[in-house]
Structures are given as structure tokens and as C-alpha cells.
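Peer 1: After the sequence you'll find the predicted model.
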Amino acid sequence: MRKPHRLLTQLIIIIVVIYIPVILLSIFSLTYSNNHLKDQITSSIKIKQDNSCEYLENLIKDTYIKSSLLLTHMDLIKLNSQTLDNNTYVSSINNLRDELIILNNNNEFIKYIRLYIPTSGIAINSNWNNISSLQYLNDAEFDEILSYSKQEERLVKKDNEFYLYIFPKKYQFQNIIELCLDLDSIKRYLESEFVIPESNYIFFTADSTQVVAQKIDSASYEIFETNKYHTLTDSFIEKNVSSDGNVYYLYGYHMVFLGSKLYTIIPSSTYFAPLNNSISFTSFTLAFLLISTSLLLLGIIRLIHKPLHALSDGFDVIKKGNFDIKLQKSKTIDFNYIYNSFNSMVEDMKFLIEENYQKKMLLQQAQLKQMQAQINPHFLYNSFYMLKQMIRRGNQEESEEVANQLGQYFRYITKFNSDTVTLKNEYEHALNYASIQALRFKSRIQVYSEPLPESYDNIIVPKLILQPLLENAYKHGLEAKIENGYIKISITTLDSYLVFTIEDNGDQLTKSDCAIIQSLLSSPLNEHDMGKTGALLNIAGRMKIFYQQDYLLQINLTPQGGALVTLKIPIESNEPTF
């Protein structure tokens, strides 16, 4: 009767010894983490603003670079030649206009792009919503545009718009490209990238004389005026205090390509306000947790002995080999979870054999998918290159045959609806692969095969057990063979097995290599081995799971030094055993 009281006393002591230091430590940690979190928030603001500014500048820079390539466009050279007939003239203008439209449509920050061609006295526009797509200009207008080349700033302000100009340097003709910034799109973009809606910004030229876009109030403008001549070599974010005592965070970014700066002024009061109340809130939470935990422990101590005793009895029953036990629901809700876990554990142990069977099935399927995924990229490239050469030489019939064979090959290896096939289909797939390779290596490697007896056509076998063996022969046995190479596919019966032998006359396999591979094939296979050692062990593992037999795949050396791979397929029954 006194044990529960001793347990209760110990729990109270634990609460006093642990919870009070925990509360004090939590208050200290909260104060520290609050300051650290402010630093992290400040850093995250800087990263987000950096990314936004880089995107804006890089997109405009990319369009600027691509637009400059038009100065060497063939149609522009034609228009400068002054010897065009009318059809060529119109066609060249349309082609250049289409190029401008494509560049314009790929940049949301560009309102329009205009190409000035002084030799023809025209300007071609990408956007004709408000202006004509083709304008005729006089020399004075061209001279005005050309005068902007003397301006040091890259951004040019004209009629409340900002432009970028691309002037020729070494070209004979003074063709000029004009990019007009879409200020409304830039404003929408900058405002959408704010950390909080109360943020303000000002986008201005590097010399601080021209404002490109802005959203700013008086307090933020005061901070801008104080820092606008700040020399920027990199982005920064720093704390500022306005004259009214409010704290702001000033973010600055120098857009080197555009020759401009972006300042974002972020009020700290609205962003960090939730953190200021977190200490008192957490302290209240910890106190409430202490009281509620103490009350909870008082209730649990009276109900803990009986459910624990029932659980202990259940384990004793399991030790005796009886798995039919099932614990009934406890009056204590907390113990229902433990009881349910106990009952689930018993059920899992009862069905262990069935689960093990399912794991073997899943392992076989995973190994097949692994084999299907190992499409040799060199085979794919070489096959399509061979097909290309046939088409180029005009070998239509042979090209169609290769195309059909490749289609059959990839259709077969990418079908995932079943991991078993008939032996006829598997052998046809292997011969189809050999036929494709024979066309490629017809002057170097010959393939000799025997027909599959019809009586074995419908034997069910694991998918992809023959073709990978041929691929191994090409890749590892005959790769260095310049001439007189061969692969022989033989089919025989031995006792209750149908035996396939794949023989090559390569010289890449040594006795020690063969012994190592055969040792691996003869060793107990596991999931880890079959995931890392290639086609032979993959096939051996799947054959073992499928037929529950060992040593169905073997490798030896021929007297001539080539590889001789033997695959045995049981023919006693068409059904696998597990």
C-alpha cells in the first residue's frame, strides 16, 4: 500500500528538481533565441531581396545581350545593303520584327524593343499596341538617339520612361537597339516581393539623380535621403532609426549592369512585434504545463499498477509460445495506445511467414525494375547513330527494320505490367537485341543461335534473364575484338532443365576474374549484393527467388579463353515455387 505513495513522492521530487530549472533555463533560452531569431529573420530578408533583385537584373541583362545579337542578323545586313527588291525588303523587316517580338514576350519587364536602321530611315518595333510596328524617321531623330551613346549612365530617361540602348562599336552601319523598361511591371514585381506589405522601396540610378520606381512614405524617404549616397559593392541590410524614433531595416542592392540601386525600407515594429510577447506567453505556458502535469500525475498514479500488471502477464503468455492472447481496452486512455501496440505486435508475429513471402516478392520486383532501369546509354546512342547513317545512305528497308527492332526492344524493357513472361517472348527479345547488335558489328562479330523448341514456348520465366547475358558478352568479352568475334547461343536439355549457353571468343576474362564471379554466383545472395554487382548477380538472385534453387547461373572459360555462361531453367513445372 505504501509503494504508490513512495512513487508519488518521487514524482513530485522529480517535478521540483527538473521542471523549475527547466523553466528558468527556458526563459534564458527564449531571450537568447529571440535575439538569434531576429538575426535569422534579417538574414532571410536579405537573401530573399537578393534573389529578387538578381532575377530582375539578370532577366533584363539577358534580353539586352540577346538583343545585341540582332546587330549581326542577316536580315539587318540585307536592309543595310540598299539593293533589295520589295519582297526581300518586306520579308527582312517582318523577320526582324518577329525576332523583336519573341525577345519582348520573354521579358515581363520590357515594354517594347525598337530597332533603328538609319540607312533605310526606319525603326522596327516589337509592340504596336500604341505605336506602329514600322516607323519612318528622319536624320535628326536618329542623331538624337545616337547622342545618348555619350551618356555615362546605362539607363536613359526620356519622356518619363527609362531606356537601355545598344550602340554599335565596330559596324559599318549605325544601327541602334532601344529597350524600353515597363515601369508598371517593375513596380508590381518589387511590391510582390516584399517581406511584409508595410515595406517601402525606391529604385534609382547609381548617381542618385533619377528615380525609376518608388513606393515610399515620408519617414522612409528620410532614411533614403540619409543613405542614398552609400557606396555599394555588395548588398547590405542595416538597422536605422528615423527622426520620429521608429526603427527600420534598410536593405540596399547595387544592380551593376543597370547602373542603379534598390533600397527597401522595412519597419521592424510590425515584423518583430510577435516576438516581443513570446517570453511572457511561453512562461505562462510552462507554468500551466507544470500545474497540469502535477494534477495528471496524481490521477495516473492510482491507475498505473493494474494496466501494467495486465501488460506484464501478456508478455508472460507470449514467452510460453501462445500468440492467441489479446489485451482488452484499459480504463486508462493512455494505456489503450500501449495495448493496441501490444496486440498489433502479436498479430505481426503470427503473420511473420506471410510477410516474409511478400518481402521476397517485392525484392524480385525491385530487382527487375533495377534491371529495366539499366538501359545502356551507349547502346541507345550507337543504335540511333547507326539508324541515322542508314537513313542518310538511303537504306530505307534496312532503316525501317532497325527502327522496328528498336521499338520492340524498348517496348519490351519498359513494360512494367508483369515481372514474368513466356520463354518464347524472352528469347525473341534476346534475339532482337542480338540482331540490332549484329547490324552494328557485322564486320567484327557474328551471332549464331539455335531455335527454341516449340514445346518450351509457354514456360513462364522471370523477365530479362537472357538479353543481359548477351549484353555482357558484347560489353565485357568482345568490346576490344576487331575481327572474327562470335557469340553462340545454344539450347539443350539436361535432366529436368532447359539449358541456355552463351559462348563468346573474347579474351577479356581471366581465370581469376572467372573464379571471383563464379564464387559470387555460388555464395548466398542478399539484397545488398544484388543491388551493387550488375547483371549476372541480379539474374542469379531473381532466378533463386523465382525457383527456390541455387546454382542456376554459372560462368566458365572456354578452351579458347572466351566466356561460357550457362543458364538452367527448370522445366518440371511451369509454376514458380516460393
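Peer 2: Thanks, I have it. Numbering: from 1, shown residues only.

Peer 1: contacting residues for Ala430?
Peer 2: Leu466, Gln467, Leu469, Leu470, Ile489 (Cβ atoms under 8 Å, 6 or more residues apart in numbering). (Each C-beta comes from the backbone N, C-alpha and C, glycine too.)

Peer 1: now, among the residues you listed, which is nearest to Tyr116?
Peer 2: Gln467 (63.4 Å; Cβ to Cβ).

Peer 1: Break the chain into its domains for me.
Peer 2: Using automatic domain parsing, the domain parsing of the chain gives 185-274, 358-570.

Peer 1: Determine which of these approaches Ile47 most closely.
Peer 2: domain 185-274 (9.5 Å).

Peer 1: And the closest one, how far out from the chain middle?
Peer 2: 35 Å (Cα atoms, centre = their mean, to the nearest Å).

Peer 1: next helix or strand past the lowest-mean-pLDDT helix or strand in the chain?
Peer 2: When each helix and strand of the chain is scored by mean pLDDT, DSSP states H and E, helix 527-530 comes last, with a mean of 48. With elements assigned by DSSP states H and E, the helix or strand that comes after helix 527-530 is helix 534-547.

Peer 1: what ranges do the helices span in the stretch 101-250 of the chain?
Peer 2: 139-147, 183-192, 218-227 (DSSP state H, counting those that start in this stretch).

Peer 1: okay, those, which one's buried deepest?
Peer 2: Between the helices of the stretch 101-250 of the chain, helix 218-227 has the highest mean count of neighbours, a mean of 17, where neighbours are mean count of other Cβ atoms under 10 Å.

Peer 1: CA-only coordinates of that one, as PDB, when you get a sec.
Peer 2: Extracted in PDB, the C-alpha atoms of helix 218-227 (Å, rounded to 0.1, in the frame of the first residue of the first chain):
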ATOM      1  CA  SER A 218       7.900  60.500 -45.500                       C
ATOM      2  CA  ALA A 219       9.700  58.500 -42.800                       C
ATOM      3  CA  SER A 220      11.100  56.100 -45.300                       C
ATOM      4  CA  TYR A 221      12.200  58.900 -47.600                       C
ATOM      5  CA  GLU A 222      14.100  60.500 -44.700                       C
ATOM      6  CA  ILE A 223      16.100  57.300 -44.300                       C
ATOM      7  CA  PHE A 224      16.600  57.100 -48.100                       C
ATOM      8  CA  GLU A 225      18.000  60.700 -48.200                       C
ATOM      9  CA  THR A 226      20.400  59.900 -45.400                       C
ATOM     10  CA  ASN A 227      21.800  56.800 -47.100                       C
END
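
Peer 1: just checking, what packs against it?
Peer 2: Helix 218-227 sits against strand 200-205, strand 236-241, strand 247-255, strand 260-267, with contacts defined as 3 or more Cβ pairs under 8 Å, 6 or more residues apart in numbering; DSSP states H and E.

Peer 1: Lowest mean pLDDT across those strands, which one is that?
Peer 2: Per-stretch mean pLDDT for these is lowest at strand 236-241 (a mean of 76).

Peer 1: So what touches it?
Peer 2: Contacts of strand 236-241 (Cβ under 8 Å, 6+ apart): 42, 45-46, 49, 223, 226-227, 247-252, 265, 268.

Peer 1: Swap in 10 Å and give it another go.
Peer 2: By Cβ atoms under 10 Å, 6 or more residues apart in numbering, the residues outside strand 236-241 that reach it are 42-43, 45-47, 49-50, 220, 222-224, 226-227, 230, 246-254, 264-266, 268.

Peer 1: Drop anything exposed from the residues you listed.
Peer 2: Buried residues within those, counting neighbours by 16 or more other Cβ atoms under 10 Å: 42, 45-46, 49, 220, 222-224, 227, 248-254, 264-266, 268.

Peer 1: re the thing from before, quick one: the helices of the stretch 101-250 of the chain as CSV, columns for mean pLDDT and distance to Ser81 too.
Peer 2: Output for the helices of the stretch 101-250 of the chain, formatted as CSV (pLDDT from 0 to 100; distance: least, Cβ to Cβ, whole Å):
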stretch, mean pLDDT, distance to Ser81
helix 139-147, 84, 18
helix 183-192, 88, 37
helix 218-227, 79, 52
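
Peer 1: Which of those sits closest to Ile445?
Peer 2: Ranking these by proximity to Ile445 (Cβ to Cβ) places helix 183-192 first, at 61.2 Å.

Peer 1: in the stretch 351-500 of the chain, which ranges drop under the pLDDT threshold?
Peer 2: Filtered on pLDDT under 70, the stretch 351-500 of the chain yields the residue ranges 351-378, 416-417.

Peer 1: picking that back up, quick one, which of the helices of the stretch 101-250 of the chain is nearest to Leu537?
Peer 2: Set against Leu537 and scored by Cβ to Cβ, those come closest in helix 183-192, at 55.3 Å.

Peer 1: list the helices and strands that closest one packs on?
Peer 2: If contacts are counted by 3 or more Cβ pairs under 10 Å, 6 or more residues apart in numbering; DSSP states H and E, helix 183-192 sits against helix 20-68, strand 110-117, strand 161-166, strand 200-205, strand 211-215.

Peer 1: quick one on the thing from earlier: among the domains of the chain, which comes closest to Leu24?
Peer 2: Nearest of these (Cβ to Cβ): domain 185-274, 23.4 Å.

Peer 1: ok, now which ones touch Pro267?
Peer 2: 196, 198-200, 217, 219-220, 242, 246-249, 273 are the contacts of Pro267 under Cβ under 10 Å, 6+ apart.

Peer 1: Just the closest of those residues to Leu155, please.
Peer 2: Asn200 (21.2 Å).

Peer 1: Distance-wise, check the closest residue in space to the closest one that isn't next to it in sequence relative to Gln446.
Peer 2: Sequence neighbours aside, Ser220 is the residue nearest to Asn200 in space, at 3.9 Å (criterion: Cβ to Cβ, 6 or more residues apart in numbering). According to Cβ to Cβ, to the nearest Å, Ser220 stands 82 Å off from Gln446.

Peer 1: Leu494 and Ile555, how far apart?
Peer 2: Separation of Leu494 from Ile555 (Cβ to Cβ): 17 Å.

Peer 1: More neighbours: which of the two?
Peer 2: In this view Leu494 and Ile555 are compared by other Cβ atoms under 10 Å, and Ile555 has more residues nearby, 21 against 9.

Peer 1: and the next element down the chain from the helix or strand that one falls within?
Peer 2: Applying DSSP H and E as the criterion places Ile555 in strand 553-557. Once strand 553-557 ends, the next helix or strand along the chain (criterion: DSSP H and E) is strand 563-570.

Peer 1: centre of the chain versus that next one, how much separation?
Peer 2: Taking Cα atoms, centre = their mean, one finds strand 563-570 lying 40 Å from the centre of the chain it belongs to.
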